[in-house]
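Student: fold the following and give me the result.
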Amino acid sequence: MAAVTPILPTGTADPAAPAPASSPVSRPRRMRLWRGVVLGAAAVYFLVPMAASFWFTVHSEQQGFSLSTYAEILTAEGFAASMLLSLALAAATIVVVLALTLPALLAVRLGAPGLRPVLEVICTIPLVVPPITFVTGISTVLRWGPDYLAATPFWATLIAIQDETFPVVLVLAYVVLALPFVYRSLDAGLRAIDVRTLVEAARNLGASWPHVMFRVVIPNLRSAIASASFLALALVLGEYTVAALLGYQTFPVWIVTISGANGRLSVAVSILSLLTTWLLLLILSGAGAKRKDSQ
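Tutor: I've put the predicted structure just below:
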């Protein structure tokens, strides 16, 4: 006897049928809506103060709208010297902190994984030390040095690292301050690749350790190294406390110094510095995205 299939009346839903799932089109729309709300709020938070600052630099009751403030930047006294000093300090800081952090991370990851928590604690300690406390300790050591090192060969070294044309003491201080950010960037980059397999394969093929470092590891960490370098550059170009208390005329110190004599010029330089930092970040993000697409 053939089974009889009940026929439901028109418009009546089958109680045994599964409930219809939510439309897949509505979810992307809701996500786009919330994304637009968040980006709009962020844009208002950042752009409104910048717009107000820009209006302050280009408008005055006496002259009206004028871009003369921005024309004065390149000819302002001390601008070129302070900017070149900060860029040189940033370049030296990037080289030193990468030369210290990258080999240490590789050594721990390849040879002693158990020491990774110890290295992480050491690299992140500067985050919990206030900069004012840090620079106070540096100042105490620099004052203590002449009393106890005058009769030793370290006296000349102590004087050399405080040279105003290129203060090495600032490089050492910036390396410590940038260490947590550089560590996080490089650690994330090393987590994204199988560095142990790459190194073992290169060594089995007869590559030396310098060849492994510069031809195998570093090319696979370009994005991480670029991120770490950008963070170190942004830190040096924005750091004020250490340089000011040690008495050096870096770019942030020059901005604060010039604000007492020309407030509009200091605000204009700050806006350009911020826009330059954002531009570098966008270039870095675009380069990382292109590299992922190519892979």
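Student: tell me where the stretch 151-295 of the chain has helices.
Tutor: Listed in chain order, the helices of the stretch 151-295 of the chain (DSSP state H, counting those that start in this stretch) span 154-160, 168-191, 195-204, 209-212, 218-220, 222-238, 241-246, 251-259, 263-294.
Student: which strands or helices does the third one pack on?
Tutor: I take that to be helix 195-204. Where contact means 3 or more CB pairs under 8 Å, 6 or more residues apart in numbering; DSSP states H and E, helix 195-204 is packed against helix 79-111, helix 209-212. Where C-beta positions appear, they are placed from N, C-alpha and C, glycine not excepted.
Student: ok so, going back, quick one: which of the helices of the stretch 151-295 of the chain is nearest residue 56?
Tutor: With CB to CB as the measure, helix 263-294 is the member of the helices of the stretch 151-295 of the chain nearest residue 56 (6.0 Å).
Student: quick check: mean pLDDT of the closest one?
Tutor: Confidence for helix 263-294, expressed as mean pLDDT, is 71.
Student: quick one: the helices and strands packed on helix 195-204 as TSV, columns for mean neighbour count, distance to residue 245 and mean pLDDT too.
Tutor: Below are these laid out as TSV (neighbours: other CB atoms under 10 Å; distance: least, CB to CB, whole Å; pLDDT from 0 to 100):
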stretch	mean neighbour count	distance to residue 245	mean pLDDT
helix 79-111	18	16	91
helix 209-212	13	40	85
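Student: circling back to that earlier point, closest to residue 80 out of the helices of the stretch 151-295 of the chain?
Tutor: Each of the helices of the stretch 151-295 of the chain was scored for nearness to residue 80 using CB to CB, and the closest is helix 251-259 (10.1 Å).
Student: quick one: contacts of the closest one?
Tutor: 76, 78-79, 82-83, 85-86, 237-240, 243-244, 249, 265-267, 269-270, 273 (CB atoms under 8 Å, 6 or more residues apart in numbering).
Student: report the angle between it and helix 79-111.
Tutor: Using axes from the mean of the first three to the mean of the last three CA atoms, to 10 degrees, the inter-axis angle of helix 251-259 relative to helix 79-111 is 150 degrees.
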